[in-house]
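Engineer: here is my input, please return the structure:
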Amino acid sequence: MATPDDPREHAEQLMAALTPQQRQAVVEALRADGARDWLDDMLRTPEPVIGEPPARARGFRIRLDLLGATPPVWRRLEVPGDLTLDRVHTVIQAAMGWFDSHLHRFRTGSDPRSPYFVTSFDVEEGEDGVLEDTVRLDQLLTEPGDRLWYDYDFGDGWHHILKVEAVLDEPPTEVRCTAGRRACPPEDCGGLWGYSELAAWVRGGCDPATVPPPFDDIDDARRWLPLDWHPDRFDVADATAAIAAAMTMPVPVPEELAALRARLERRADPTLTHLLEQAASHPVLPIGEAEAAQLLEPFLVLLDLIGDGVRLTNAGYLPPALVEQLADRTGVSGWWIGKANREDLTWPLARLRANARALGLVGVRHGRLTPTAVARRSRHRPVALWQHIVSRLPLGRTDFDRHAGWSTLAVVAAGIPAEHWHTEIGALLQGLGWRSEGRAFLAPAAVANPTLDALELLAGTTHRGRLTGTHPAVTATARAAIAL
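Structural biologist: Residues are numbered from 1 along each chain as shown. Reported below is the predicted structural model:
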C-alpha cells in the first residue's frame, strides 16, 4: 500500500493536478526521452499479491454488501476457504440473485485501479494476468476484517465488497446463506440510480401514473420485472437453495456441446447452461414402438411409398403421382395451397426428402431414390429406426450447422414450446457470435437448420404447417441426442 512518502503517490498527485493537455505533453516528453519502459511500468496495474494456501483448510463467515445501495442490500455467507474465485463468483451470483448475464471482476482494493484477477473471457480477449480460477479464497483472506471487492456488469456498475466477519475452524461442507436483507436489484435496471427509482415506485404501490423510465406503461414494467419482485423481500432459505443449485456440477453432455456451453459462459451468457439444467431436471417420456411410429410417420410414409426404390424425373424430383400420395398421407394436402403434385413447388415434401437423406434413410443411385441398408433393416421396427435417427443428430458438418444443431437440441430438450424454438435458437446463435448480414442473428425460417427441420418433422409439421405447444416425444428425442 502506498505511503505519503511513496514516489508513485506523489507522481499520481502531480499528474492529477495537470490539465489533460499538460498530461499528454508530459507523457510524450517522457516517451521521447527514452523512458517508455519506465512509464509503461508506472502506468501498468500491478498483479495481485497471493499468499500460499494454508496447510489446513478453514472456513469463513463473510458479509457480502452491494456498495451504495440505500437501504443496504447484503448477505451473510459461510463458505469453505478453499473455494477458487470462479466458484466464489458463482456463490455471489446465486446469493444475491443476479443472472450471471454480464462480465465480472475480483480486485484486491477499493480503487478501481487496484490489482485484479482475470477471467477466461479476459484471456480470450488477449489480456494477461492471474486467472481467477487458479486462486483460492484463503490465499487472499486470512483473518477478520480482510476484504475483497467484486464488480459485476461494467455498464450498470454493481460493486460489492466481501468482508470476513469470522474465521471458522472447520470449513462448512457446503456454502450457506445465514442472513441477509432486501432483494437483488433487477438486471439491466440502470445501476444504483435506476434501481433507486424503481424500488421507490414499487414501494409506493406501482402507481400507473408514475411509471419510471425506461418503461412505457405499468404492463411493460410488470412484464420486465422478475415475478413478484419487491425491493424489501428476501428469503434466506431461497438464497441457500439457489446457491446449492448453482454449485452443482454442470450437466454432463457431449464434448462438442460442452465446448459451446463453456464458450458462452466465458462471455457471461448462461443461457445454454440453464437450458441443459432444465432439460436434465424433467422426466423423460419413454419411447416405445407406438410412440416411435407416431414420431416417424412422415419418414415411414416416404419409405413405404418408395418401396425398394423409385426412379426420379429427369430433373431429379419425385414423380408427381408419388408426390400427391405423399402429400395426402402425411397431411400436407390438408393445408397446402396448391395441387401438391410437384416436389419442387411443395417445400414441406422437398424438406422431408432432403432430411430423410441427411438422416441416412434414403439415397440417390443411378437416378433412383432408394432406402438405405439401415432403413431396409429397421423400417418395420420403429424404435430401432428412431435410435438410428437419434445417433445422427445434430445434422451437418459446417461450424454453423453444428452450432445451430446443438442449440436446437438444447432448446427442444428443455421442453420449450414449439412456437418459441426459432427465437430461443436465434438467441443462442447470436451469443455464439453468428450474425445475419451484419445484424443480430434471428434464426429466420430462410436460414437452413437441418437439425431443426428433423425435429419439426418429428413434431408433426406436415400435418399442421406451424407448430405450437410442447411435444414430449420430440423433447425425449432431443434429450436422447445429447445423452441426458
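Engineer: three-state assignment of residue 161?
Structural biologist: Under DSSP: H, G, I helix; E, B strand; the rest coil, residue 161 falls in the strand class.
Engineer: repeat that for the one 10 residues further on.
Structural biologist: Assigned with three-state DSSP, residue 171 falls in the coil class.
Engineer: that one: neighbouring residues, count only.
Structural biologist: 18 (other CB atoms under 10 Å). The C-beta positions use only the backbone N, C-alpha and C, and glycine is treated the same way.
Engineer: equivalent analysis for residue 112, please.
Structural biologist: Residues lying near residue 112 (other CB under 10 Å) number 13.
Engineer: can you give me the strands in the chain?
Structural biologist: 59-66, 74-80, 104-107, 116-117, 147-152, 158-168, 176-181, 310-311, 362-365, 368-371, 435-436, 439-440 (DSSP state E).
Engineer: so which of the ones you listed comes closest to residue 259?
Structural biologist: strand 435-436 (20.3 Å; CB to CB).
Engineer: mean confidence for the closest one?
Structural biologist: Averaging pLDDT along strand 435-436 yields 74.
Engineer: repeat that for stretch 265-283.
Structural biologist: Mean predicted lDDT for stretch 265-283 stands at 86.
Engineer: give me the contact list for it.
Structural biologist: If you take CB atoms under 8 Å, 6 or more residues apart in numbering as the criterion, stretch 265-283 is touched by 99-104, 119-121, 124, 245, 250-251, 253, 257, 260-261, 264, 407, 410-411, 413-416, 424, 427-428, 431, 475, 478-479, 482, 484.
Engineer: in it, what counts as buried?
Structural biologist: For stretch 265-283, a neighbour-count test (16 or more other CB atoms under 10 Å) marks 265-273, 275-280 as buried.
Engineer: pick the one among the residues you listed closest to residue 400.
Structural biologist: residue 272 (16.2 Å).
Engineer: what distance do you get for the closest one to residue 474?
Structural biologist: For residue 272, the distance to residue 474 (CB to CB, to the nearest Å) stands at 19 Å.
Engineer: try residue 290
Structural biologist: For residue 290, the distance to residue 474 (CB to CB) stands at 15 Å.
Engineer: which one's more surrounded, those two?
Structural biologist: residue 474 (23 against 10).
Engineer: which non-adjacent residue is nearest the more buried one?
Structural biologist: In this structure, residue 474 finds its nearest non-sequential neighbour in residue 459, 4.6 Å apart by CB to CB, 6 or more residues apart in numbering.
Engineer: that neighbour reaches residue 468, doesn't it?
Structural biologist: No - the criterion here is CB atoms under 8 Å, and residue 459 misses it with residue 468 at 9.9 Å.
Engineer: shared neighbours of the two, anything?
Structural biologist: With CB under 8 Å, 6+ apart, residue 459 and residue 468 have common neighbours residue 418.
Engineer: adding distance to residue 297 and mean neighbour count, write the strands of the chain out as CSV.
Structural biologist: Formatted as CSV, the strands of the chain follow (distance: least, CB to CB, whole Å; neighbours: other CB atoms under 10 Å):
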stretch, distance to residue 297, mean neighbour count
strand 59-66, 55, 21
strand 74-80, 53, 22
strand 104-107, 49, 21
strand 116-117, 55, 23
strand 147-152, 49, 20
strand 158-168, 52, 18
strand 176-181, 51, 18
strand 310-311, 19, 12
strand 362-365, 16, 14
strand 368-371, 16, 18
strand 435-436, 33, 13
strand 439-440, 36, 10
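Engineer: export those strands as JSON lines, with columns for distance to residue 379.
Structural biologist: Below are these laid out as JSON lines (distance: least, CB to CB, whole Å):
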{"stretch": "strand 59-66", "distance to residue 379": "61"}
{"stretch": "strand 74-80", "distance to residue 379": "57"}
{"stretch": "strand 104-107", "distance to residue 379": "54"}
{"stretch": "strand 116-117", "distance to residue 379": "58"}
{"stretch": "strand 147-152", "distance to residue 379": "55"}
{"stretch": "strand 158-168", "distance to residue 379": "59"}
{"stretch": "strand 176-181", "distance to residue 379": "57"}
{"stretch": "strand 310-311", "distance to residue 379": "15"}
{"stretch": "strand 362-365", "distance to residue 379": "11"}
{"stretch": "strand 368-371", "distance to residue 379": "7"}
{"stretch": "strand 435-436", "distance to residue 379": "39"}
{"stretch": "strand 439-440", "distance to residue 379": "43"}
